[in-house]
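[1] this one's sequence-less:
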């Protein structure tokens with residue numbers, strides 16, 4: 001049995017299928033999706049439809065990202081079009097739903113409603129879209145929306161002095177609670193890196209699929225990772241979220 005953390009997809013169904021073909025998924029495996037299934041490339045609704053069918057055969061855990069929250073709100077009320085969402089991929093997502101019936105949209109809404117904000121496995125490994133702010137851990141988070149918007153956890157890990165021991169008073173309390181933390185949300189391509197990044201005990205598997213990067217799946221035990229082609233090459237007539 002293998003477990004894979006799969007980074008942000010952003011409507012790139014072709015890229016997702018490439019990655020799943022590479023890992024040759026079986027019914028004994030678990031897929032943990034890190035959120036942001038929609039917004040960017042032209043197949044957001046199709047990604048959701050594909051994942052709903054996939055979860056009928058494969059054990060899938062779906063974490064909710066900030067773009068998923070925006071899409072969920074729109075599916076609840078088609079008049080609820082957040083201006084920021086529309087500019088950052090929402091327009092393409094709305095267009096991807098043009099051929100879907102009201103009943104199909106209801107099923108997609110249920111899919112979003114049933115997503116979890118974070119997942120903690122039996123080995124004390126935490127999975128969430130972005131981060132958290134409570135020094136006491138996710139269960140004590142006062143601002144649940146931070147699970148899909150926070151960047152301070154990752155930024156803190158990036159600049160940590162690696163000489164500081166985990167038992168030292170200066171070691172961040174947020175990082176002590178979990179064996180490992182897996183996130184998406186902040187593209188590694190922001191730092192000129194095309195592959196998953198590791199800082200302290202955090203693994204970032206968002207490799208920039210929304211922009212010019214790839215969709216990535218990482219085996220959380222071996223740390224082996226599998227990647228799609230760069231998204232612009234799969235959708236040559238589209239811009240994604242590149243402007």
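    Happy to help now that I have it. If you're wondering where the values come from, they're calculated on a predicted model, not measured in any experiment.
[2] Quick check: chain neighbours aside, which residue is closest to residue 69?
    residue 148 (6.3 Å; C-beta to C-beta, 6 or more residues apart in numbering). Using the backbone N, CA and C atoms, a C-beta is placed for each residue, glycine as well.
[3] For residue 121, see how far away that neighbour is.
    19 Å (C-beta to C-beta, to the nearest Å).
[4] between those two, who's got more neighbours?
    For residue 148 versus residue 121, neighbours defined as other C-beta atoms under 10 Å are more numerous around residue 148 (24 against 17).
[5] Test my guess that that one contacts residue 116.
    No - contact criterion C-beta atoms under 8 Å: residue 148 and residue 116 do not qualify, at 10.9 Å.
[6] one step back: what's near enough to touch the residue nearest to residue 69?
    35, 64-66, 68-69, 117, 128-130, 185 (C-beta atoms under 8 Å, 6 or more residues apart in numbering).
[7] And it, how far from residue 98?
    On the measure of C-beta to C-beta, residue 148 and residue 98 end up 26 Å apart.
[8] ok, now which ones touch the spatially closest residue to residue 59 that is not a sequence neighbour?
    Once flanking residues are discounted, residue 59 sits nearest to residue 30: 4.6 Å by C-beta to C-beta, 6+ apart. Residue 30 makes contacts with 1-4, 58-61, as judged by C-beta under 8 Å, 6+ apart.
[9] Can you classify residue 217 by secondary structure?
    For residue 217, the assignment made with DSSP: H, G, I helix; E, B strand; the rest coil gives strand.
[10] number of nearby residues for it?
    26.
[11] who does it bridge with?
    When assigned by DSSP bridges, residue 217 has beta-bridge partners residue 6, residue 226.
[12] Per-residue pLDDT of the residue nearest to residue 59, please?
    If you check residue 30, the pLDDT there is 98.
[13] What are the boundaries of the helices in the protein?
    13-23, 44-54, 66-76, 83-85, 91-96, 102-113, 152-158, 173-176, 231-234 (DSSP state H).
[14] which stretch among those helices comes nearest residue 135?
    helix 173-176 (4.0 Å; C-beta to C-beta).
[15] name the helices or strands packed onto the closest one?
    Secondary-structure packing of helix 173-176 (3 or more C-beta pairs under 8 Å, 6 or more residues apart in numbering; DSSP states H and E): helix 152-158.
[16] How about the contacts made by the nearest residue to residue 185 once chain neighbours are set aside?
    Spatial nearest neighbour of residue 185, excluding adjacent residues (C-beta to C-beta, 6+ apart): residue 130 at 4.0 Å. By C-beta under 8 Å, 6+ apart, the contact set of residue 130 is 65-66, 146-151, 153-154, 183-186.
[17] likewise residue 117?
    63-64, 128-129, 144, 147-148.
[18] What subset of those is buried?
    Among these, the ones that count as buried by 16 or more other C-beta atoms under 10 Å are 63-64, 128-129, 147-148.
[19] and the gap between residue 191 and residue 207?
    11 Å.
[20] More neighbours: these two, which one.
    It is residue 207, of residue 191 and residue 207, that has more neighbours when counted by other C-beta under 10 Å, with 26 against 10.
[21] Could I get the pLDDT score of the more buried one?
    Confidence score, pLDDT, at residue 207: 98.
[22] State the phi and psi torsions of the residue lying closest to residue 147 once chain neighbours are set aside.
    Once flanking residues are discounted, residue 147 sits nearest to residue 117: 4.3 Å by C-beta to C-beta, 6+ apart. Phi and psi for residue 117, reported as degrees, to the nearest 10, are phi -80, psi -30.
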